[in-house]
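Peer 1: Curious how this folds, go ahead:
(one chain, ligands or ions: 2)
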Amino acid sequence: MTSARHFGTIGVVGAGAYGTALALAAARAGRNVLLWARDGATVAAIDETRIAPRLPGVALPESVSATAELGALAAADAILVTVPTQSLRQVCEGLARALPAGRPAISAAKGIEQTTGLFATQVVAQAWPGSVPAILSGPSFAADIGRGLPTAVTLAADDAELAQALAEALSSPAFRIYHSADPRGVEIGGAAKNVLAIAAGIAIGLGYGESARAALVARGFAELRRFGEAHGAQGETLMGLSGLGDVVLSCASAQSRNFAFGLALGQGRSVAEASGGALAEGAFTASVLARMAKARGIEMPIAEAVAAIIAGGSGVREAVTGLLARPLRAEL
Ligand SMILES: NC(=O)C1=CN([C@@H]2O[C@H](COP(=O)(O)OP(=O)(O)OC[C@H]3O[C@@H](n4cnc5c(N)ncnc54)[C@H](O)[C@@H]3O)[C@@H](O)[C@H]2O)C=CC1
Ligand SMILES: O=C(CO)COP(=O)(O)O
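Peer 2: Ligands and ions are numbered 1, 2, ... in the order given. The predicted structure follows:
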């Protein structure tokens with residue numbers, strides 16, 4: 001049986017906002033952490049100031065060391081891969097070349113690969129065949145984790161014992177990790193909630209008010225559930241932290257980059273202006289999510305509307321008018 005004791009050293013790949021936050025969480029859980037960044041400037045900044053540029057204001061403890069060498073992660077017992085979804089394949093291919101086989105690879109990406117329609121653990125399995133894929137997702141802003149504010153997330157792997165051991169190894173009082181053997185459910189929740197957060201932002205940006213937001217979130221969650229169940233996700237997972245929990249957070253707060261992106265679109269900004277250089281994963285996931293749903297005959301009008309707006313095929317008001325004009329139906 002795998003136990004938390006086996007995970008003395010954790011590698012974190014990607015020193016962005018979330019990678020840095022998870023490095024901090026792992027250190028607070030008592031692990032040694034090797035934090036990999038692709039650029040030497042980030043490594044130098046961490047070495048010199050103990051602060052990672054993407055998560056300002058939070059000092060990293062000495063148990064976190066930064067490196068720009070993927071090979072240095074050979075000392076890690078498990079790897080958290082914290083790069084955006086569309087970079088996951090390339091990064092995992094690099095890990096496959098750099099590290100011996102057999103390690104858990106826990107993705108924290110919240111998206112679907114655009115070119116293939118693959119979920120995060122599927123990308124990891126393909127690009128790094130020697131790894132054991134897992135997924136961590138749930139309501140957790142990097143800045144909140146950085147400040148030590150409490151939250152809870154889910155870590156899932158096909159092997160329930162492994163998921164439990166990893167969850168125990170990475171948990172601390174303010175960062176509670178529940179375990180699950182339903183990685184598909186966890187990764188679908190994380191991917192779809194970003195598209196719904198954009199939709200919620202658009203509704204608020206248009207000035208439609210809180211009732212509209214709540215109605216949109218409920219109907220959006222029905223889409224998430226339909227899509228998840230059609231792809232083999234368990235209903236309990238979709239109703240849990242990584243599904244409903246993250247939908248609630250991301251659709252309610254302008255701290256969410258996806259919500260903020262939608263808000264700017266609703267206020268009349270163009271797609272390029274609205275992103276403002278910040279990562280909004282849902283902007284990349286919307287089209288592939290809508291495409292996958294259509295291919296299986298799953299009704300996802302809100303995801304389709306977001307995809308059409310981002311692709312430039314529909315104006316914001318036109319898309320929302322289209323949603324409001326849909327025929328009334330049974331609430332399923
Ligand atoms: N920031 C947050 O509060 C949360 C983020 N996430 C997820 O974590 C993932 C990463 O997000 P953030 O850390 O916020 O983004 P970020 O933009 O702050 O950082 C992304 C990091 O990935 C690195 N990166 C990107 N492409 C790369 C490549 N091809 N090779 C090597 N490194 C590469 C960048 O250098 C950067 O350090 C996303 O899927 C996001 O949805 C999940 C929960 C919360
Ligand atoms: O996933 C997140 C919170 O759980 C972060 O949301 P954003 O990527 O929209 O900022």
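
Peer 1: For stretch 276-284, buried residues please.
Peer 2: 279, 280, 281, 282, 283, 284 (16 or more other Cβ atoms under 10 Å). Where you see a C-beta, it was placed from the backbone N, CA and C, and this is true even at glycine.

Peer 1: Most widely separated two among these?
Peer 2: Within these, 279 and 282 form the most distant pair, 9.9 Å apart (Cβ to Cβ).

Peer 1: still on that earlier bit, list just the nearest of the buried residues of stretch 276-284 to residue 168.
Peer 2: Comparing those against residue 168 with Cβ to Cβ places residue 281 closest, at 27.9 Å.

Peer 1: was I right about the closest one contacting residue 258?
Peer 2: Yes. In this structure, residue 281 is within contact of residue 258 by Cβ atoms under 8 Å, at 6.7 Å.

Peer 1: which residues do these two both contact?
Peer 2: By Cβ atoms under 8 Å, 6 or more residues apart in numbering, residue 281 and residue 258 have these common neighbours: residue 194.

Peer 1: ok so, going back, okay, and which of the buried residues of stretch 276-284 map to helices?
Peer 2: 281, 282, 283, 284 (DSSP state H).

Peer 1: out of those residues, which touch ligand 1?
Peer 2: Near ligand 1, judged by Cβ under 6 Å from any ligand atom, the entries from those are residue 281.

Peer 1: and of the ones in helices among the buried residues of stretch 276-284, the nearest to ligand 2?
Peer 2: For these, the minimum distance to ligand 2 (Cβ to the nearest ligand atom) is 5.8 Å, reached by residue 281.

Peer 1: my guess is residue 302 contacts residue 219, does it?
Peer 2: Yes. With contact defined as Cβ under 8 Å, residue 302 counts as touching residue 219 (6.3 Å).

Peer 1: Any chance of TSV for the ones in helices among the buried residues of stretch 276-284, columns distance to ligand 2 and pLDDT?
Peer 2: Converted to TSV, these look like this (distance: Cβ to the nearest ligand atom, whole Å; pLDDT from 0 to 100):
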residue	distance to ligand 2	pLDDT
281	6	98
282	7	98
283	10	97
284	11	97
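
Peer 1: Out of the buried residues of stretch 276-284, which is nearest to residue 136?
Peer 2: Relative to residue 136, the closest of these is residue 281; by Cβ to Cβ it sits at 14.7 Å.

Peer 1: Run through the residues that contact that closest one.
Peer 2: Residues counted as contacts of residue 281 (Cβ under 8 Å, 6+ apart) are 84, 85, 109, 110, 111, 191, 194, 258.
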